[in-house]
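K.L.:
Predicted coordinates and the sequence they were generated for:
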Amino acid sequence: MSHDHHDHRSLGITSLNKAFVIGIVLNAGFVVAEFIAGFWYNSLGLISDAGHNLGDVFSLVLAMLAFRLAKVSPTLRYTYGYKKSTILVSLLNAVILLVAVGFILGESIDKLFHPRPVDGDAVAWVAGVGVLVNALTAWLFVKDKEKDLNVKGAYLHMAADALVSVGVVVSGIVIQHTGWYMMDPLTGILIALFIVYSTWGLLRDSLRLSLDGVPQGISYDRIGQIISTTPGVDSFHHMHIWGLSTTEIALTAHIVVADMVEMEQIKSELKCRLQKAGIGHATLELELPGQPCQKEPCH
């Protein structure tokens, strides 16, 4: 029997880019300004867009938090360190965003039946600033977006939000030129639906990782095939795959081999193949054919 031991440091984020700090400061400042402007000008479009941009701030902070937590050394009580907290934070982020959507939809529907005047020109100008802020933040991550999934996620999120802000600009222009105030709550509803759409994947993946499910992008059958086709491996069982964090995947499995003499060579080949498949932390227990697994209580 052999166990594969690993360094538990994160394999995901390896450096903290100033882009995260700049992006957080820019977006946090704009969220405050947009909330104030939304209340001042009575615009649900601005308020809902501000709520969505607040999600951007959470996403950027989460990426920084993942970096910080990945650097925390394991302890005798927390032997994996604090990697799992990145999953819990992402789940909390998704829940908060969906709760905010409920309030936005409620207010927008109420405003559909009780329309109130909105300064379309002011709405367009404020949202226009949002386009610049989101586009600038997305640009900060362009050169590194293919190097790390967290950076790529931040880039895609900010680029999408720039398009949302464009929608609010259009709403403001329509109101200014037509006086059709219904455009404001309709924009709020559309943005709320967009938040649900963009947040649903985060909620789904966070729940799956919280329950130690197989992470998104990893196929249980494909990993099984990789193990089965490794030279020297007869079969495998008791395989489990889960996320140690939002960026690192772990696996445990019992591997049946024909000859223990080749144990180290087989184990090395398995580690290499699994790493290429996205499994950064593998714990393997090697067994001979017919060797029973421990199922009965020890006496």
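P.N.:
Thanks, I have it. Numbers count the residues shown, from 1 in each chain.
K.L.:
make it CA atoms for all contacts and neighbour counts henceforth
P.N.:
OK.
K.L.:
For the helix or strand where Val32 lies, the averaged confidence score.
P.N.:
Take DSSP states H and E as the rule and Val32 turns out to sit in helix 18-40. For helix 18-40, the mean pLDDT works out to 86.
K.L.:
Repeat that for stretch 232-241.
P.N.:
Averaging pLDDT along stretch 232-241 yields 93.
K.L.:
okay, it in CSV with CA atoms only?
P.N.:
The C-alpha coordinates for stretch 232-241 follow below in CSV (Å, rounded to 0.1, in the frame of the first residue of the first chain):
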residue,chain,number,x,y,z
GLY,A,232,0.4,-1.6,-14.9
VAL,A,233,-3.1,-0.8,-13.5
ASP,A,234,-5.6,-3.6,-13.4
SER,A,235,-8.6,-1.7,-12.0
PHE,A,236,-9.6,1.0,-9.5
HIS,A,237,-12.4,1.6,-6.9
HIS,A,238,-13.4,3.9,-4.1
MET,A,239,-12.5,6.9,-6.3
HIS,A,240,-13.6,10.3,-5.0
ILE,A,241,-13.1,13.7,-6.7
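K.L.:
quick one: buried residues of that stretch?
P.N.:
Neighbour counts over stretch 232-241 (16 or more other C-alpha atoms under 10 Å) mark Gly232, Val233, Asp234, Ser235, Phe236, His240, Ile241 as buried.
K.L.:
returning to that earlier point: run the chain-centre distance for the helix holding Val32.
P.N.:
On the basis of C-alpha atoms, centre = their mean, to the nearest Å, helix 18-40 sits 21 Å off its chain's mean C-alpha point.
K.L.:
Please apply the same query to stretch 97-109.
P.N.:
In terms of C-alpha atoms, centre = their mean, the centre of stretch 97-109 is set 22 Å apart from its chain centre.
K.L.:
I'd like the average pLDDT over that stretch.
P.N.:
Average pLDDT, stretch 97-109: 78.
K.L.:
got the residue ranges for the strands in the stretch 151-299 of the chain?
P.N.:
233-243, 249-257, 281-287 (DSSP state E, counting those that start in this stretch).
K.L.:
export those strands to a markdown table and tack on distance to Ala66?
P.N.:
Shown next, in a markdown table, are these (distance: least, C-alpha to C-alpha, whole Å):
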| stretch | distance to Ala66 |
| --- | --- |
| strand 233-243 | 13 |
| strand 249-257 | 14 |
| strand 281-287 | 17 |
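K.L.:
Output the below-cut-off pLDDT ranges for the stretch 151-299 of the chain.
P.N.:
151-153, 292, 294-299 (pLDDT under 70).
K.L.:
Sketch out the helices for it, chain order is fine.
P.N.:
Secondary structure of the stretch 151-299 of the chain (DSSP state H, counting those that start in this stretch): helices at 183-210, 220-228, 263-276.
K.L.:
from those helices, which stretch is densest packed?
P.N.:
Among the helices of the stretch 151-299 of the chain, helix 183-210 has the highest mean neighbour count (mean count of other C-alpha atoms under 10 Å), at a mean of 20.
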